[in-house]
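Trainee: Need coordinates for the below:
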Amino acid sequence: MNLTQKSVFIVLEGLDGSGTTTHSRLLEGFLKNEKLKVHLTQEPSKNEIGVLLRKFLKDNSIPPTTDALLFAADRDLHYHNEIKKKLDEGYIVISDRYLESSIIYQSLQSDEISIDWIEELNKFVGQPDLTIILDIDPRISLARKSGALEKFEETPFLDKVRDLYLKRAKKKGYFVINTDDIIEFTQKQIQKIVINKLKK
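Mentor: Okay, here's the model as predicted:
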C-alpha cells in the first residue's frame, strides 16, 4: 500500500469499554508498519493536570463544573505542547479521546453545563481532521471493564452518553463503527476510513 506521509489529527471516541485505547494502539501499529511517522496520545493526558484529573474521576464530591474546567485546561496544554508540535513536524497524531468526550460527558453531568460553554472553554485548541466514534451497548462496555468504576459508569447515564454521541456524529458527520464485533473486524473498518483520509 502506498500511503503519503502528511500531518493528520485522528481522534477515536466512545464509551469506556468501547475499545478506544485498544484500537488507537492497533491503528498506530498498522500505520507504523506502513512506514509512516505516527504519534499516539490520550486524554486525560500525562501532564500534571491530566494526572490530577484521573484522581478526580474517582471522586464523586468534585463538582461537574470543576471536571469541565480541568478537562479544558488539560486539553489546552496537551494540544499546544504535544499535539500541535507533532502535527507541525508532519506526524499523524492519534488521540484516544479528545474534545467530544468533554462535550458529551460534562454536558450530561449537569443541567448547568451547556455544550456551548464547553466549546467556548475549548476554543483555543485545534479540531481533529478525522473523528471516529466507537459505538457499543453500555451493558457490554461495563462488562468489559475491570477494576474500580469511575463516577460516570452506570448504565442509565451511559445510555444517555451513547445517544448523544450518535446524535453528535450525525450532526457533525463523524464516522460511527459498532464495536460489539470481534476486534480484528472493527480495526479493519477503522483502517479503511483512515486509509481513505490519507489518500485524499
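Trainee: residues of the worst-scoring helix or strand of the chain on mean pLDDT that come out buried?
Mentor: Counting by mean pLDDT, DSSP states H and E, the weakest-scoring helix or strand in the chain turns out to be helix 138-144, with a mean of 77. For helix 138-144, burial by neighbour count (16 or more other CB atoms under 10 Å) applies to 138, 141, 142. Just so you know, the C-beta spots here come from the backbone N, C-alpha and C atoms, and that holds for glycine as well.
Trainee: Save the residues you listed as a markdown table, and put in distance to residue 98 too.
Mentor: What follows is the buried residues of helix 138-144, written out as a markdown table (distance: CB to CB, whole Å):
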| residue | distance to residue 98 |
| --- | --- |
| 138 | 21 |
| 141 | 19 |
| 142 | 23 |
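Trainee: which one of those sits closest to residue 76?
Mentor: For these, the minimum distance to residue 76 (CB to CB) is 28.3 Å, reached by residue 141.
Trainee: quick one: the closest one and residue 15 touch, right?
Mentor: Yes: with contact defined as CB atoms under 8 Å, residue 141 counts as touching residue 15 (4.5 Å).
Trainee: what's the overlap in contacts for the two?
Mentor: residue 158 (CB atoms under 8 Å, 6 or more residues apart in numbering).
Trainee: measure stretch 14-25 end to end?
Mentor: Distance across stretch 14-25, first residue to last, is 15 Å (CA to CA, to the nearest Å).
Trainee: what is the mean pLDDT for it?
Mentor: Mean pLDDT, stretch 14-25: 93.
Trainee: buried sites along that stretch?
Mentor: Under 16+ other CB under 10 Å, the buried positions of stretch 14-25 are 14, 15, 16, 17, 18, 19, 20, 22, 23, 24.
Trainee: Quick check: the gap between the fourth one and residue 158.
Mentor: If you measure residue 17 against residue 158 using CB to CB, to the nearest Å, the figure is 9 Å.
Trainee: quick one: the spatially most central residue of the chain and residue 53, what's the gap?
Mentor: The centroid of the chain falls nearest to residue 97 when counting by CA atoms, centre = their mean (1.5 Å). Residue 97 sits 12 Å away from residue 53 when distances are taken as CB to CB.
Trainee: Residue ranges in the protein under the pLDDT threshold?
Mentor: The chain contains residues with pLDDT under 70 at 144-153.
Trainee: Cool, thanks, talk later.
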